[in-house]
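Enquirer: starting from these lines, generate the structure:
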Amino acid sequence: MSWSVEGTYMETCNCQVACPCIFLSDPTEGECGALIGWHVDSGADDGVVLDGLTVAMAVMSPGNMATTPWKVALYIDDRATETQKQSLLKIFSGQGGGHPAALAAHVGEVLGAATVPMVFDKRGKHFALTVGDVAEATIEALTGQNDDAITIANHPLAVAPGHLLSVGKSRNMRFRDHGMTWSEHDKSALFSPFSYQG
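Expert: Numbering: from 1, shown residues only. This is a model prediction of the structure:
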């Protein structure tokens, strides 16, 4: 069996811009709480088509993300059929190998996996993610010299390796589930294309 997915990923966390965790440094607030979303533009798992579906993950690391085990909760688009759901769970939990397995190696505790209504919206420099009534985030790209995008390449802790990472700032980010409540704004945000294979 083989699988591949590609599309757009976004994340925002409670760190100040730009999140030092991606450089293996300590989070600016002592711990990092992040909301990550992946929208699959095209993908398949052994013939199961995954186009147009969204997956989200809440991540809590009580210290340096490179050395402190993460607590995570995974959320799957409720538009997925049961077969699609199982494929998305396999891929994004890391069970299917590829880069998600490298990310999963940092996980110390899985808090749960749920199927919820998902909305992933990308309009120019603006991104929005809604995860049922559990979480939502809106972010926008920051610009630097000559009003061009601020980008990062070759950072060691990467959700989407091989792609140029763009830096943004959150308008808002909230999460409430598994006994945790976050509410942030004007904090670090990142986005880029992603492509995974297994």
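
Enquirer: let me know the secondary structure of the residue lying farthest from the centre of the chain.
Expert: Most distant from the centre of the chain: residue 146, at 28.6 Å, with distances by C-alpha atoms, centre = their mean. Under the three-state scheme (DSSP: H, G, I helix; E, B strand; the rest coil), residue 146 adopts helix.

Enquirer: ok, the one 10 residues further on next?
Expert: Secondary structure of residue 156, reduced to three states by three-state DSSP: coil.

Enquirer: contact partners for it?
Expert: By C-beta atoms under 8 Å, 6 or more residues apart in numbering, the contact list for residue 156 reads 22-24, 66. (C-beta placed from N, C-alpha, C; glycine too.)

Enquirer: so the nearest residue in space to residue 174 that is not next to it in sequence is in which element?
Expert: Nearest non-adjacent residue to residue 174, counting by C-beta to C-beta, 6 or more residues apart in numbering: residue 183, 4.8 Å away. In the assignment (DSSP states H and E), residue 183 maps to strand 180-184.

Enquirer: that strand pairs with which strands?
Expert: strand 165-177 (antiparallel) (DSSP bridges).

Enquirer: now the strand it pairs with: mean pLDDT?
Expert: Across strand 165-177, the average pLDDT comes to 97.
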